[in-house]
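>>> sequence unavailable; structure follows:
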């Protein structure tokens, strides 16, 4: 029934707001779903989505969860932690501690207990004590092996350590339950194929038990990679949006360099939000900063590129906040895009731009995409707990030869457009060829070329691939 | 957070209703969750769940969906259907047509379109136009292959045929979308292991497309196997419960013979409901009648056995309605148990007895159960759209040597109990040994022995395995 309603209300929206000429096919159209467009999302929920000047969208559960030990209590807690059984964290575990500690997963108060894990796997959402539902689509869990489990024995708390004996956090009121990896993988990715990056990295060799509990972080997670200042917490982002008097925040999740097509989409979104009556829509340009697969461009290069894009004025620094989203990447398509969206609600975003095949990748074994390219935005638009978020489907941009620049694809004159895929872009940068004029700002392109240059040198036994930012 | 609340309210319930002695561990206890026991399920929902005399629980979506063409219109529709492209149904497809036509899956109006399919896979629930949520955990879909898709071409309706050209139903306003079998299987079963019975039978060799639409059934599905009179529709069941003045209906889903442990549980449930203040709780004894795997006891033998149990007075015919649930079996554990429960709401049941490892089976390849035995009842208790249903966890019954009969297991004297597994029961019946006195009523046991006898004879080239009931 939903689609009938959706397309009906889309028509109403078009007539009502006259947002775009009728010649643009609905396939390409950006539509402001839910609050405005969707009659099934009316009622009590609507009042929460209206943005009043200076008032940001509420975090999930009504309150932003922060799980830091008071600075005055740190030494005490650290000493206390020394008496607890220790769990050594992997790099990805630490990223989840970071994510949880700052409240990106609000209202989660720590690594999932079994009831939260099961709800995540089966319902992509969790019911709170008051009966309301928040979205939660990827398990945020901590795996331990048999020997660690035995070591914990009857203790109700454990210390989470990184190097040697240094506890960065404690987990209290713990619950240990079975880690059925096959079921977790199947329900999260919709496949159990070997070759899923996060699975290979973080699940396959992890322990057969999961440990949930309340997290208390003694020492805020820092990476000392020159980028910590870009890692604003949801609370800091909310402060920044308030300081800028944002009355709408639209988030753009990415893990790739920004080309002018992206930039066009972002500036166009701001224009539309202004047309809708918002006075100061602010863009949260929010590259993912946790674990990514090997052939993705590393974070510090991406950041460098994004900074150039702002320096070159392709995006307006006045209305853009560039920050790092600390989550690791699952590459779990429609399941993961919900997490990406939900976390941004907690950071104050009430509009979310969703791309074609978000968080998707090729099937590791078969010659096809793992997910249907449209499922991400469809699932996102129907996801429980995300009713308050306005989903903005990506408009397809391509290189318009008649304009010598990126433009929204016009299906009435396909011959004028060139699609430059990620693969094509990488090939050009690797071979030091220039992309068509206007594809990316020169400063940003130079960073990309430098990156692939550094890779070549590393491969030839030259300098290290890792370059401090 | 949920479990804390649940166990807290369980304590309150125990004190309030004094339902059972404190010595029984909570693991074994039957608790009346949700409406009564669960503070998170209060509010507007509660008013719907209270049972007034003569008033049964509302069907999902508020109205029982029945998809039959008016008898006066049948010939007309049959003629109309002859002009539509034809889709030949498998036996399992026909079972789903049956299920849909009678409203077991209310408010579904036909085979799922993509939006319903995606919500089922990702959220185990579907949001209705009014914003409310109904549970829907297994995809009810119709697969077609490339040639069928090509044949349909631009038609907006298709005829569903069984034998030759005889159309039993039409599907209108159709939508055709991709059938990603791997993703469907992974998200429904939590595994993609070969050897899943329903997958092998109904998915692996099915087409690469799914066709959804509004179903109109020209001819009600009948099986002419002597059991059609047992196949009461939800509407007929509701009439029967009303006729009996039921003020509570408790459903027991099964696909195995009834032994005295089951019977004890059912009579004990009625006793508890009477203690709670209900005047006439009626049992819906509801064997699954659709597709089951080969080594399950066939439906007509089970029915024969269930009838004996009623004849022998082990269950009270006055307060028991024996009927067939026409759904095929998925063996999909925690995902499927939601479907089993949801369908019974539509038939008027407001209490549902959930067993250990419901709809579970052994992993087809590994030496373990496919699902954690407790996940079924946990997932069921948290499932969206089932808040109105009272979940009654199974109490473990075993053969009590001190009583020479089935009794609830008492963990304080484990040495007195013998657990008789399904495998053990089958072995006894096959070898014509008698089970301990009081395990099953003699009439019921005789049916089982006859069944295995008929199998032997069939194997030895004797009479056919199929025996008319």
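It's in. These numbers were taken from a predicted model, which means no experiment stands behind them.
>>> so residue A:284, which state does it fall into?
strand (DSSP: H, G, I helix; E, B strand; the rest coil).
>>> if I look at it, how far off is residue A:238?
11 Å (C-beta to C-beta, to the nearest Å). Heads up, the C-betas are built off the backbone N, CA and C, glycines and all.
>>> got the buried residues for stretch A:426-438?
A:426, A:428, A:429, A:435 (16 or more other C-beta atoms under 10 Å in any protein chain shown).
>>> next one: stretch A:114-133
For stretch A:114-133, by 16+ other C-beta under 10 Å, it's A:114-128, A:133.
>>> compare residue A:284 and residue A:238 (neighbour count), which wins?
Taking neighbours as other C-beta atoms under 10 Å in any protein chain shown, residue A:284 and residue A:238 compare with residue A:284 leading, 26 against 21.
>>> contacting residues for the most centrally placed residue in chain A?
Centroid check for chain A by C-alpha atoms, centre = their mean gives residue A:340 as the closest residue, at 3.4 Å. Shown in contact with residue A:340 (C-beta atoms under 8 Å, 6 or more residues apart in numbering or on different chains): A:253, A:288, A:325, A:327, A:352, A:358, A:359.
>>> cool, and residue A:325?
Counted by C-beta under 8 Å, 6+ apart, residue A:325 has contacts A:104, A:253, A:286, A:287, A:288, A:289, A:290, A:340, A:343, A:344.
>>> quick one: neighbours of the nearest residue to residue A:255 once chain neighbours are set aside, just the number.
Spatial nearest neighbour of residue A:255, chain neighbours left out: residue A:288 (4.6 Å); criterion: C-beta to C-beta, 6 or more residues apart in numbering or on different chains. Counted with other C-beta under 10 Å, the neighbours of residue A:288 add up to 21.
>>> tell me what residue A:288 is bridged to.
With DSSP bridges as the criterion, the beta-bridge partners of residue A:288 are residue A:325.
>>> any low-confidence regions in chain A?
Within chain A, the stretches with pLDDT under 70 are A:1-54, A:461-469.
>>> coming back round to it: include distance to residue B:160 and secondary structure when you put the buried residues of stretch A:426-438 into a markdown table, please.
Output for the buried residues of stretch A:426-438, formatted as a markdown table (distance: C-beta to C-beta, whole Å; DSSP: H, G, I helix; E, B strand; the rest coil):
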| residue | distance to residue B:160 | secondary structure |
| --- | --- | --- |
| A:426 | 49 | helix |
| A:428 | 53 | helix |
| A:429 | 54 | helix |
| A:435 | 53 | coil |
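>>> now, among those residues, which is nearest to chain B?
Here the nearest of these to chain B, counting by C-beta to the nearest C-beta, is residue A:426; it sits at 28.1 Å.
>>> and that closest one, what is it in contact with?
Residue A:426 neighbours (C-beta under 8 Å, 6+ apart): residue A:452.
>>> the longest helix in chain A is where?
helix A:442-459 (DSSP state H).
>>> which helices and strands does the longest strand seen in chain A pack with?
If you go by DSSP state E, chain A has its longest strand at strand A:167-178. Judged by 3 or more C-beta pairs under 8 Å, 6 or more residues apart in numbering or on different chains; DSSP states H and E, the packing partners of strand A:167-178 are helix A:74-82, helix A:91-102, helix A:114-123, helix A:146-152, strand A:158-161, strand A:209-217.
>>> residue A:271 - how many residues pack around it?
The burial count for residue A:271: 11, using other C-beta under 10 Å.
>>> how about it, secondary structure?
helix.
>>> how close does it get to residue A:394?
With C-beta to C-beta as the criterion, residue A:271 and residue A:394 are 16 Å apart.
>>> do the same with residue A:403
20 Å.
>>> more crowded one of the two?
Taking neighbours as other C-beta under 10 Å, residue A:403 and residue A:394 compare with residue A:394 leading, 20 against 10.
>>> now for the nearest residue to that one once chain neighbours are set aside, how many residues are close by?
Sequence neighbours aside, residue A:355 is the residue nearest to residue A:394 in space, at 4.3 Å (criterion: C-beta to C-beta, 6+ apart). Using other C-beta under 10 Å, residue A:355 is surrounded by 20 other residues.
>>> do the same with residue A:419
Neighbour tally, residue A:419, other C-beta under 10 Å: 12.
>>> do the same with residue A:423
Neighbours of residue A:423 (other C-beta under 10 Å): 8.
>>> likewise residue A:92?
18.
>>> surely it meets residue A:292?
No: the criterion here is C-beta atoms under 8 Å, and residue A:92 misses it with residue A:292 at 11.0 Å.
>>> any shared contact partners between these two?
residue A:328.
>>> which residue packs closest to residue A:364, ignoring adjacent ones?
That would be residue A:195: by C-beta to C-beta, 6+ apart, it lies 2.8 Å from residue A:364.
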